[in-house]
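> make a model of this:
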Amino acid sequence: MKKMLFVTILLFSTFAYADIYVNGIELNSTKAHYVKVEIDYNLGRTLAYVDHGQDESFRHRKITDENNEKRYFVSVADVLNTFYVNDWEIKEVFTVPSGGSDNSSISGTSYYIFERMITK
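Below you'll find the predicted structure:
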């Protein structure tokens, strides 16, 4: 019984395909070829914000579901895997340092540049 349940879950997860919505609009329906993603991990919740060239404030760049509700991820890897499944490939990762002073560490914000993969 456990083997049957495991196989069923494995097959279901193979066919699960979660579209990426930014402020309620499907990302793959835009003309964007490159996007910049900022991932925010705070108090056990992971949110992602996407800049695909839209003229909107930062708070309107969050990844949502099709009903425009915030979409929480399990981890940074969950965000990266979601983009990969949706045919986006990481091209560059960079960190912008912030904070810090004498005798303290510098923190920063990491950004991920994704390029839409060419599917045949």
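> name the nearest residue to residue 35, sequence neighbours excluded.
residue 52 (4.6 Å; CB to CB, 6 or more residues apart in numbering). Bear in mind the C-beta positions are built from the backbone N, C-alpha and C, glycine included.
> same check on residue 93?
residue 112 (5.4 Å).
> list the contacts of that neighbour.
Contact partners of residue 112, counting by CB atoms under 8 Å, 6 or more residues apart in numbering, are 36-39, 80, 90, 92-93.
> tell me which helix or strand of the protein sits lowest on mean pLDDT?
helix 2-15 (a mean of 46; mean pLDDT, DSSP states H and E).
> what pairs with the very next helix or strand once past that helix, and is each one parallel or antiparallel?
The element immediately downstream of helix 2-15 (helix or strand, assigned by DSSP states H and E) is strand 21-22. As defined by DSSP bridges, the strand partners of strand 21-22 come to strand 25-26 (antiparallel), strand 63-64 (antiparallel).
> just give me the residue closest to the centre of this structure.
The chain has residue 79 as the residue nearest its centroid, 3.8 Å off, counting by CA atoms, centre = their mean.
> so what's that one scoring on pLDDT?
Confidence at residue 79, expressed as pLDDT, is 95.
> do the same with the one 3 residues further on
Looking at residue 82, its pLDDT reads 95.
> tell me, how many residues neighbour it?
18 (other CB atoms under 10 Å).
> what distance do you get for residue 57 to residue 64?
Residue 57 is 15 Å from residue 64, where distance means CB to CB, to the nearest Å.
> have a look at the two and say which one is more surrounded.
Neighbour count, other CB under 10 Å: between residue 57 and residue 64, residue 64 has more, with 18 against 7.
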